[in-house]
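**Student:** pasted the sequence and its predicted model underneath.
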Amino acid sequence: ATRQWLNEYVRGGGKVIAVDRLPDGEWTALKAIRVDELQRALHEAVPPDVALTPAVGEIGFVHRNLGDVQAYFLANTTNSPQRVTARFRSATPQSELWDPMTGAVERLDAPSGAVVLDFEPYASRIVMFRTTPGSAPARAPRLQLASDTLQSGWSVTVGSASPTNIN
């Protein structure tokens, strides 16, 4: 019964991967692959939720399916600014960029699910794909004038508190 169900599942478009050998019995819709082909087969069977160009391992993401909204949280985990083109598997024509630090929401132009994202050091972004249009204003162009790493010899003062020296 399981073999019949799996064969029907594969014929209906489902993905099942057998490594090195087929399970015992007669399989009409299942093929075995070598273990060294597994990574390629998995990538073809289930495309990644987010693909970054250039590939930047220091930008992580979490994807949540919220029914009529696909939410992607992305974070730059380095102290270097990053610029990437992110391609989302769950893209829809109605997309928004949310800034979790400011609460700002902007409508995105995401042709083919691709979005150019700029990350400051340790910055995060939320990209939302909706089935219905939102009311967010169009995304404004961004300009970065300069960026520098603060290492030592500076101080921070908040309100009337005493300055904190960083050495």
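**Tutor:** Everything's here; your move.

**Student:** switch to C-alpha atoms for all contacts and neighbour counts from now on
**Tutor:** OK.

**Student:** distance check, the closest residue to P47 other than its chain neighbours against T28.
**Tutor:** Distance criterion C-alpha to C-alpha, 6 or more residues apart in numbering; nearest residue to P47, sequence neighbours excluded, is R89 at 7.3 Å. Distance of R89 to T28, given as C-alpha to C-alpha, to the nearest Å: 30 Å.

**Student:** equivalent analysis for V105, please.
**Tutor:** 50 Å.

**Student:** then V10?
**Tutor:** 9 Å.

**Student:** likewise for S80?
**Tutor:** 52 Å.

**Student:** check R87 too.
**Tutor:** 35 Å.

**Student:** show me where the chain has its strands.
**Tutor:** For the chain, strands defined by DSSP state E occupy the ranges 18-19, 32-33, 50-53, 59-65, 69-76, 82-88, 94-98, 105-108, 114-119, 124-130, 154-156, 164-166.

**Student:** one step back: show me which of R89 and T28 is the more surrounded one.
**Tutor:** Ranked by neighbour count (other C-alpha atoms under 10 Å), R89 and T28 place R89 first, with 16 against 13.

**Student:** just checking, the more buried one touches L52?
**Tutor:** No. With contacts counted by C-alpha atoms under 8 Å, R89 stays clear of L52, the gap being 11.6 Å.

**Student:** mind checking the longest helix of this protein?
**Tutor:** helix 2-11 (DSSP state H).

**Student:** residues in contact with that one?
**Tutor:** Contact with helix 2-11 is made by K15, V16, G25, E26, W27, T28, A29, L30, as judged by C-alpha atoms under 8 Å, 6 or more residues apart in numbering.

**Student:** of the residues you listed, closest to L66?
**Tutor:** Distance to L66 across these (C-alpha to C-alpha) is lowest for K15, with 23.8 Å.

**Student:** number of nearby residues for that closest one?
**Tutor:** 15.

**Student:** begin at 36 from here
**Tutor:** OK, 36 is where the count begins now, so the last one is K50.

**Student:** how about the nearest residue to it, chain neighbours excluded?
**Tutor:** Using C-alpha to C-alpha, 6+ apart, the nearest residue to K50 is A80, at 6.2 Å.

**Student:** and the pLDDT at that neighbour?
**Tutor:** With respect to pLDDT, A80 scores 85.

**Student:** the residue most central in space within the chain and Q129: what is the separation?
**Tutor:** Centrality entry for the chain: nearest residue to the mean C-alpha point is V85, 3.7 Å, by C-alpha atoms, centre = their mean. According to C-alpha to C-alpha, V85 and Q129 sit 17 Å apart.
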